[in-house]
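J.: got a predicted model here, sequence first, then my questions.
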Amino acid sequence: MPEISRFLGIIITMYYNDHPPPHFHVRYNQQKAIIDIETLSILEGKLSSRVLALVLEWANLHKAELMDNWEKARLNSPLEKIEPLE
């Protein structure tokens, strides 16, 4: 599962050839979630409100890059790193 970004201990990944809808995976300590790229809603899992707010802020800034990586992952192409939240 390629890591596409990491910030403040939060790890963002995507699987190759994963199931729709377009989404990314988030890990922070013992917390895990899957986030829909288009709606930025949690599809599965749970994050603390602080971590969720940071992830949503980051994802909102990088939606186009996330969708580009989703398409690349569906084609088994190398994924691009995305700038972390600062």
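T.: Everything's here; your move.

J.: hang on, residue 66 packs against residue 59?
T.: Yes - using CB atoms under 8 Å, residue 66 is in contact with residue 59, at 6.4 Å. Using the backbone N, CA and C atoms, a C-beta is placed for each residue, glycine as well.

J.: what segments of the protein are strands?
T.: Using DSSP state E, the strands of the chain run over residues 3-7, 10-13, 23-28, 31-36, 42-46.

J.: which residue sits closest to residue 84, ignoring its sequence neighbours?
T.: residue 7 (3.4 Å; CB to CB, 6 or more residues apart in numbering).

J.: quick one, what contacts the one you found?
T.: 54, 58, 84, 85, 86 (CB atoms under 8 Å, 6 or more residues apart in numbering).

J.: rebuild those residues as CSV, extending it with distance to residue 72, pLDDT and neighbour count.
T.: As requested, the contacts of residue 7 are exported to CSV (distance: CB to CB, whole Å; pLDDT from 0 to 100; neighbours: other CB atoms under 10 Å):
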residue, distance to residue 72, pLDDT, neighbour count
54, 24, 98, 19
58, 19, 98, 21
84, 19, 97, 13
85, 21, 94, 17
86, 24, 87, 6
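
J.: now render those residues as CSV, adding distance to residue 77.
T.: Listed next are those as CSV, based on distance: CB to CB, whole Å:
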residue, distance to residue 77
54, 28
58, 22
84, 22
85, 25
86, 27
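
J.: among those residues, which are in helices?
T.: In helices, defined here by DSSP state H, the members of the contacts of residue 7 are 54, 58.

J.: pick the one among the contacts of residue 7 closest to residue 3.
T.: Nearest to residue 3 out of those is residue 84 (CB to CB; 11.0 Å).

J.: pLDDT at the closest residue to residue 33 other than its chain neighbours, what is it?
T.: If the residues on either side of it in the chain are set aside, residue 33 comes closest to residue 45, at 3.5 Å by CB to CB, 6+ apart. Predicted confidence (pLDDT) for residue 45: 98.

J.: count of residues packed around the residue lying closest to residue 32 once chain neighbours are set aside?
T.: Excluding the flanking residues, the one nearest residue 32 by CB to CB, 6+ apart is residue 45, at 4.7 Å. Neighbour count of residue 45, defined by other CB atoms under 10 Å: 13.
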